[in-house]
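Chemist: 3D, please:
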Amino acid sequence: MSVTLAQLLTDSSDKVRNSTTGALDNNKRTRAANRVLQDLQDFADWDFTKRTKAFFFIDRVTDYNLKDYIGTTMQDNDGSTEISDFKNPYDLRLPENFHRPFAYRDIKEVRQAIRGRRNNNEYGIDGNLLVINYPDQVSVQLHNCDSLTANGNWAASGDATNLTIDQIIKSQGSGSLNFDTSAGTSLILTNPDFAVKDLEQLQNKSHLTMDVWLPSIANFSSIKVEWGDSASANWEKTETLPAGNSALVAGKNKFAFRWAEATQNGSPDVTSINYIRITITYSSAITDTDFRIDDIRIGEEVEMNLDYYSLAMVADEDGNRQLEFNPDAVTQTDVLAGPESRRTVVQGMIWDLFQIIGGKSARDITDAEKDYKRKKIDLRKRIGRRLRRGRITFNFPRRN
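Modeler: The predicted structure follows:
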């Protein structure tokens, strides 16, 4: 049975009467409820806040933005702004192997294993990133970018100039494509005749990935890739941020283009892919050198589920999760996320409100505090667990 804010206000009003006319209005009572919700979040991870997000693991990509890529989001307490709701991980797993979750490790251990190429089913949390150590998937390299002519013929056009092979800075093989621009906004590289690839087994269940060095990210707009069997028969996809929605940096970025979300032009033959065109776009003219591209490949994607504890303690009438109750508009139809916590929340409100107006006796405040703490511990035994301290830094959103 759901518990609305209106019910919590009534419950607390029955137990705590105003000692002075107007000392406790509904706004103050709502803010007291929110302070209790904050305290409960600082006290334990609660079963009633568990959520699951499905996402696609990108071959050879380790870092995933929890809010923007995984989608761990909620509304703030007035329902006006989308914010992150991720608090603590519970499980990371493959949907078909739900009984075999990945191992949760300290982030330093996970990154060390990744650097050492020790592929394990493990993960860690690094600030706002989910970091996954998982084996490389089935992939087909479209081009190693080691030569301008050995596998098809690369050509620069648009505002791209001075196309060469850089044998010093690269991500694999013996080189990378290196090019410049002078007062340009659209830098284009095309290879219309590389060795034919049959990608039928990877169609619509993979990502095209490439390593891209950007000497400047000021006014960067996007990167588009077109792949198929000709300039008129291909798939195209545009991205504005690196793989996993990581932050764009000056230097090396890995971009990923999901095939299932690409636009099809004409009727490309998926068994005879030998054309690719890459376009880097800036919103205003840029003059710079040493743009690079390397390791262009198609890699199989893997669906994963992240189970986690959310910071959302309230839901609105439509079921949208939000941080807590709106203390200003007092939307009394908002619902407590865990109805099992009703008595604990009310008792916490009583203690909080007694601190504002005082009780009939000096013992009212101390007795209310003791009762709240007892109920809180009992609630954790039934539907919660202790926080993982020392392993994760909590970045709770600012509250009223």
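Chemist: who's in contact with T209?
Modeler: 58-61, 243, 254-257, 295-299 (Cβ atoms under 8 Å, 6 or more residues apart in numbering). C-beta coordinates here come from the backbone N, C-alpha and C atoms, glycine included.
Chemist: can you tell me which of the residues you listed is nearest Q167?
Modeler: Within the contacts of T209, the smallest distance to Q167 is 14.7 Å, found for D295 (Cβ to Cβ).
Chemist: contacting residues for that closest one?
Modeler: Contacts of D295 by Cβ under 8 Å, 6+ apart are 141, 144-145, 171-173, 209-211.
Chemist: in PyMOL, select just the buried ones from the residues you listed.
Modeler: Listed next is the PyMOL selection for buried residues among the contacts of D295, using 16 or more other Cβ atoms under 10 Å:
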select buried, resi 144+145+171+209+210+211
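Chemist: follow-up on the earlier one: can you lay out the contacts of T209 as a markdown table showing secondary structure?
Modeler: Shown next, in a markdown table, are the contacts of T209 (DSSP: H, G, I helix; E, B strand; the rest coil):
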| residue | secondary structure |
| --- | --- |
| I58 | coil |
| D59 | coil |
| R60 | coil |
| V61 | coil |
| A243 | helix |
| K254 | strand |
| F255 | strand |
| A256 | strand |
| F257 | strand |
| D295 | strand |
| I296 | strand |
| R297 | strand |
| I298 | strand |
| G299 | strand |
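Chemist: I'd like those residues as TSV, with pLDDT appended.
Modeler: Output for these, formatted as TSV (pLDDT from 0 to 100):
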residue	pLDDT
I58	98
D59	97
R60	96
V61	98
A243	98
K254	98
F255	98
A256	98
F257	98
D295	98
I296	98
R297	98
I298	98
G299	98
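Chemist: with those in mind, which one is nearest to V225?
Modeler: Closest to V225, out of all of these and judged by Cβ to Cβ, is F257, at 5.4 Å.
Chemist: enumerate the beta-bridge partners assigned to the closest one.
Modeler: L208 (DSSP bridges).
Chemist: so who does it touch?
Modeler: Contacts of F257 (Cβ under 8 Å, 6+ apart): 207-209, 225, 237, 239.
Chemist: quick one: it from K375, how far?
Modeler: 52 Å (Cβ to Cβ, to the nearest Å).
Chemist: could you do V140 as well?
Modeler: V140 is 59 Å from K375, by Cβ to Cβ.
Chemist: same check on R35?
Modeler: Relative to K375, and taking Cβ to Cβ, R35 is found at 16 Å.
Chemist: neighbours of T333, how many?
Modeler: When neighbours are counted by other Cβ atoms under 10 Å, T333 registers 10.
Chemist: mean confidence score for stretch 306-322?
Modeler: The average pLDDT within stretch 306-322 is 95.
Chemist: secondary structure element for K108?
Modeler: helix 107-115 (DSSP states H and E).
Chemist: could you check the angle the very next helix or strand once past that helix makes with helix 107-115?
Modeler: Under the assignment DSSP H and E, the closest C-terminal helix or strand after helix 107-115 is strand 122-126. Angle, strand 122-126 to helix 107-115, by axes from the mean of the first three to the mean of the last three Cα atoms, to 10 degrees: 120 degrees.
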